[in-house]
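# Okay, structure incoming, though there's no sequence with it:
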């Protein structure tokens with residue numbers, strides 16, 4: 001009996017991420033994309049690498065308050081950090097190596113800004 005977990009797999013195709021502007025900063029969006037029918041229509045896959053200039057004002061940087069509903073954004077932080085605030089009273093910083101899972105459900109307004117220390121020193 002073969003174990004499907006150990007069978008070799010091959011990449012069926014490559015999909016290029018589309019460069020786009022998301023609230024004033026550049027991102028690359030892989031999903032949704034034209035021609036990818038086997039993915040649920042509510043799945044998004046974004047990649048952003050934001051450089052925060054030294055001395056940036058946290059409330060003028062990042063992404064200001066914006067709404068979501070009916071899906072659960074998951075944020076993986078590879079470098080730096082993000083200061084998350086939302087309309088449900090959550091207010092925290094997610095550092096490099098951390099993950100944030102937000103359930104937007106029937107609606108939430110949140111912001112994603114650089115943490116104060118990152119804004120002061122600058123960096124990614």
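Structure received. Bear in mind that the values here come from a model prediction, so they are computed numbers and not experimental data.

# Just want the most central residue of this protein.
residue 75 (4.4 Å; CA atoms, centre = their mean).

# wait, that residue sits on residue 99?
Yes: Residue 75 is within contact range of residue 99, at 6.9 Å (criterion: CB atoms under 8 Å). C-betas here are computed from N, CA, C, even on glycine.

# quick one on the thing from earlier: now the residue nearest to the centre of the chain: how far from residue 82?
In this view, residue 75 and residue 82 are 7 Å apart by CB to CB, to the nearest Å.

# can you list residues touching both of these two?
Taking CB atoms under 8 Å, 6 or more residues apart in numbering as the contact rule, residue 75 and residue 82 both touch 94, 100, 112.

# By neighbour count, which of these wins?
With neighbours set by other CB atoms under 10 Å, the maximum within these is found at residue 112, which has 23 neighbours.

# And for residue 110, the neighbour number?
Around residue 110 there are 20 residues (other CB under 10 Å).

# same thing with residue 97?
Residues near residue 97, counting by other CB under 10 Å: 10.

# State the pLDDT value of it.
Looking at residue 97, its pLDDT is 92.

# And residue 43, by the same measure?
Reading off the model, residue 43 has pLDDT 69.

# re the thing from before, out of the shared contacts of residue 75 and residue 82, list just those in strands.
94, 100, 112 (DSSP state E).

# Redo these as CSV? Include distance to residue 25 and pLDDT.
Below are these laid out as CSV (distance: CB to CB, whole Å; pLDDT from 0 to 100):
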residue, distance to residue 25, pLDDT
94, 17, 93
100, 17, 88
112, 10, 90
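
# returning to that earlier point: for the residue nearest to the centre of the chain, list the residues it contacts.
By CB under 8 Å, 6+ apart, the neighbours of residue 75 are 82, 84, 94, 99, 100, 101, 102, 112.

# how about the helices in this protein?
For the chain, the helices defined by DSSP state H cover 116-121.

# list the buried ones in stretch 21-36?
Neighbour counts over stretch 21-36 (16 or more other CB atoms under 10 Å) mark 27, 29, 30 as buried.

# quick check, nearest of the residues you listed to residue 117?
residue 27 (23.5 Å; CB to CB).
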